[in-house]
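Visitor: Let me see the structure of the following:
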Amino acid sequence: MDGDRRGWLQCLLSGAVFAVCMAGTTLPTPLYPLYQEKFGFSELTVTVVYAVYAFAVIAVLLLAGNVSDAVGRRPVLLWGLGFAAASAVCFLCATGLGWLYVGRLFSGLSAGLFTGAATVYVMELAPEGGASRATFVATAANMGGLGCGPLLAGVLAEYAAWPLYLPFVVHLALATGSAALLLWWLPETVRERRPLSTVRPQRPGVPPQVRKVFGPAAIASFVGFALFGVFTSVSPAFLAQFLDVDNHAVSGLVVALAFFSSTAGQLVVGRVGLARSLPLGCAGLLAGLALLAGALHWDLLSLVVLSAIVGGVGQGLAFRGALSAVAQASPADRRASVISTLFVVAYAGISVPVIGVGVLTGPIGLEGAGLVFIACMAVLVTTAGVYLLRRPVRTRT
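Guide: Reported below is the predicted structural model:
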């Protein structure tokens, strides 16, 4: 019993470290309108700045997604915290657009190192038999941290001094203080470590026994992350330009609601079952996209909020189901690299569609670009949902 308690304590503390790191990746979200005023750049530039982060994540996942399988989880996560701190320093020193690009690059490197390694680390620290709950801790830490970032930055920017500085000071203190100390205290879970020189860049791919599970899981993850990508990159501008919402705390809360709702959706997975969570998640994503289309067409804040909540719940259902199915189907010695490949697909969803929205904003406006995005994502998620209904994913409980 004591071993179980210690295991769950370590699992939860590693999840807290995960959340601190991920919060830094969404911290600038409600601050982009302030940066636009200060540096004078367009909405397309906002999406490119955001996408730099996603491309950095993908690069790390491809080049070093399996590095923690060799050198251990803790060294990789300590490097991730170091890049998170470097990102905060860049934003604190920002005197022009270049600093934002570099800051987002470091943030992407941090998230790329954490995404696969921290997810597996949280699951490995849990007591035996706790795989399902440990998966929830990992995904909740990921999404909860992403939600805390815009909420923290929005509240501090609206109600405290130094709106472009204080949020990053707070995150820098968390990353270099409490999170680093916790990571030093937590044990290493990789027993047979190999030198860094043995690690080779990996191509996107999965073992044959995982492929039937991976395909639909990857599509659902792509659409869910694409929806979040649009929310975090352009929703503050939409709220300000079309709904006259210039309160940074409100815009941060709207974005945070999507991520917090994702955590709630992950909780529901225990009731509906992992196999059903994927098609139900696709249905929730489709409903969230429909609500977002209504919000863009009628300029209604209430529909934006509902879209964040419903789409977030759908993303949570699909994301936890996808992650659990892929993790269970993967061989132990390749689990981190396979999960990293899943995140490559997910972060492609964050980057490519978001840039597309930015490109289309010029000729057809923000609302038109958003509607084109919604139509494309609706086709994808409907295809995945129909496939999952016809060929349900088999998972262990």
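Visitor: so where do the helices sit in the stretch 1-150 of the chain?
Guide: Assigned by DSSP state H, counting those that start in this stretch, the helices in the stretch 1-150 of the chain fall at 2-26, 32-39, 43-64, 67-71, 73-92, 97-125, 131-159.
Visitor: The stretch 201-350 of the chain too?
Guide: Under DSSP H, counting those that start in this stretch, the stretch 201-350 of the chain gives helices at 211-243, 248-272, 274-298, 301-329, 335-390.
Visitor: follow-up on the earlier one: would a markdown table of the helices of the stretch 1-150 of the chain with mean pLDDT and mean neighbour count be doable?
Guide: (Each C-beta comes from the backbone N, C-alpha and C, glycine too.) Listed next are the helices of the stretch 1-150 of the chain as a markdown table, based on pLDDT from 0 to 100; neighbours: other Cβ atoms under 10 Å:
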| stretch | mean pLDDT | mean neighbour count |
| --- | --- | --- |
| helix 2-26 | 92 | 21 |
| helix 32-39 | 93 | 17 |
| helix 43-64 | 88 | 22 |
| helix 67-71 | 89 | 24 |
| helix 73-92 | 97 | 22 |
| helix 97-125 | 94 | 25 |
| helix 131-159 | 92 | 24 |
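Visitor: Let me have those helices in TSV, extended by distance to I374.
Guide: Output for the helices of the stretch 1-150 of the chain, formatted as TSV (distance: least, Cβ to Cβ, whole Å):
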stretch	distance to I374
helix 2-26	22
helix 32-39	21
helix 43-64	16
helix 67-71	36
helix 73-92	31
helix 97-125	25
helix 131-159	21
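Visitor: now S340: how far from V386?
Guide: Noted for S340: a distance of 28 Å to V386, by Cβ to Cβ, to the nearest Å.
Visitor: how about the nearest residue to A369, chain neighbours excluded?
Guide: Among residues not flanking A369 along the chain, L360 sits closest, at 3.6 Å (Cβ to Cβ, 6 or more residues apart in numbering).
Visitor: For the one you found, list the residues it contacts.
Guide: G368, A369, V372 (Cβ atoms under 8 Å, 6 or more residues apart in numbering).
Visitor: Quick check: which of the helices of the stretch 1-150 of the chain is nearest to I355?
Guide: helix 43-64 (5.0 Å; Cβ to Cβ).
Visitor: got the angle for the closest one vs helix 335-390?
Guide: If you take axes from the mean of the first three to the mean of the last three Cα atoms, to 10 degrees, helix 43-64 sits at 120 degrees to helix 335-390.
Visitor: With just CA atoms, put helix 43-64 into CSV.
Guide: C-alpha atoms of helix 43-64 as CSV (Å, rounded to 0.1, in the frame of the first residue of the first chain):
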residue,chain,number,x,y,z
GLU,A,43,-2.5,38.5,-38.3
LEU,A,44,-0.5,36.3,-40.7
THR,A,45,2.6,37.1,-38.7
VAL,A,46,0.8,36.0,-35.6
THR,A,47,0.1,32.6,-37.1
VAL,A,48,3.6,32.2,-38.4
VAL,A,49,5.0,33.1,-34.9
TYR,A,50,2.7,30.5,-33.5
ALA,A,51,3.6,27.9,-36.1
VAL,A,52,7.4,28.3,-35.4
TYR,A,53,6.6,26.7,-32.1
ALA,A,54,4.8,23.8,-33.7
PHE,A,55,7.6,23.2,-36.3
ALA,A,56,10.2,23.2,-33.6
VAL,A,57,8.1,20.6,-31.7
ILE,A,58,7.9,18.4,-34.8
ALA,A,59,11.6,18.7,-35.5
VAL,A,60,12.5,17.6,-32.0
LEU,A,61,10.0,14.7,-32.1
LEU,A,62,11.6,13.5,-35.4
LEU,A,63,15.2,14.0,-34.4
ALA,A,64,15.1,13.2,-30.7
